[in-house]
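> give me a model of this one.
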Amino acid sequence: MVGMKAFQRVGAFVKPTTRFIQAIGSRATRSRLDLGGEGLQELLKKGTMDLPNADLKEGYVILCVGDYVLGLGLYIRGRLKSQIPRKHLEYYGADR
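Modelled structure (predicted):
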């Protein structure tokens, strides 16, 4: 049997896997956030960022820079926490 794990339950939320999001995330129309270069640097440096007025539902969010899908973030109570795997953070040059 060949396939790709797509989702898992994490607490109250259903979390898509990073590989699944990187494969189909560019087609997503909701729960998607374009960080831009400055937003990405802030998130990588701090690990979290405040987004009190973001038009997002609480839960997992697809993080992008332009059309490039980075991975996931967890958005709860106006705060975004990076869920980008550490090995990917090293690629982007972040020291965590």
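> measure Asp67 to Phe20 for me?
17 Å (Cβ to Cβ, to the nearest Å). Glycine gets a C-beta too; all of them are placed from N, C-alpha and C.
> so if I had to pick from the two, which one is more boxed in?
Ranked by neighbour count (other Cβ atoms under 10 Å), Asp67 and Phe20 place Phe20 first, with 15 against 8.
> what sits closest to the more buried one if chain neighbours are left out?
Counting by Cβ to Cβ, 6 or more residues apart in numbering, the nearest residue to Phe20 once its immediate chain neighbours are dropped is Ala6, at 4.5 Å.
> list the contacts for the one you found?
Taking Cβ atoms under 8 Å, 6 or more residues apart in numbering, we find Ala6 in contact with Pro16, Thr17, Phe20.
> which one of those is nearest Tyr60?
Checking the contacts of Ala6 against Tyr60 by Cβ to Cβ gives Pro16 as the nearest, at 6.4 Å.
> number of residues surrounding the closest residue to that closest one other than its chain neighbours?
Excluding the flanking residues, the one nearest Pro16 by Cβ to Cβ, 6+ apart is Phe7, at 5.6 Å. Look at Phe7: counted by other Cβ under 10 Å, it has 12 neighbours.
> so Phe7 is in contact with Arg19, correct?
No - with contact defined as Cβ atoms under 8 Å, Phe7 does not reach Arg19; the gap is 11.5 Å.
> narrow the contacts of Ala6 to those in strands?
Mapping these onto strands (DSSP state E) picks out Pro16.
> which secondary element of the protein has the worst mean pLDDT?
One helix or strand of the chain scores below all others by mean pLDDT, DSSP states H and E: helix 86-91, with a mean of 63.
> list the neighbouring strands of whatever helix or strand Gly73 lives in plus their orientation.
In this assignment (DSSP states H and E), Gly73 forms part of strand 68-76. With DSSP bridges as the test, strand 68-76 is paired with strand 59-65 (antiparallel), strand 79-82 (antiparallel).
> so what touches the shortest one?
By that I understand strand 79-82. Residues contacting strand 79-82 (Cβ under 8 Å, 6+ apart): 33, 43-44, 47-51, 54, 61, 63, 71, 73-75, 89.
> pull the number of nearby residues for Tyr75.
Tyr75, neighbours per other Cβ under 10 Å, totals 20.
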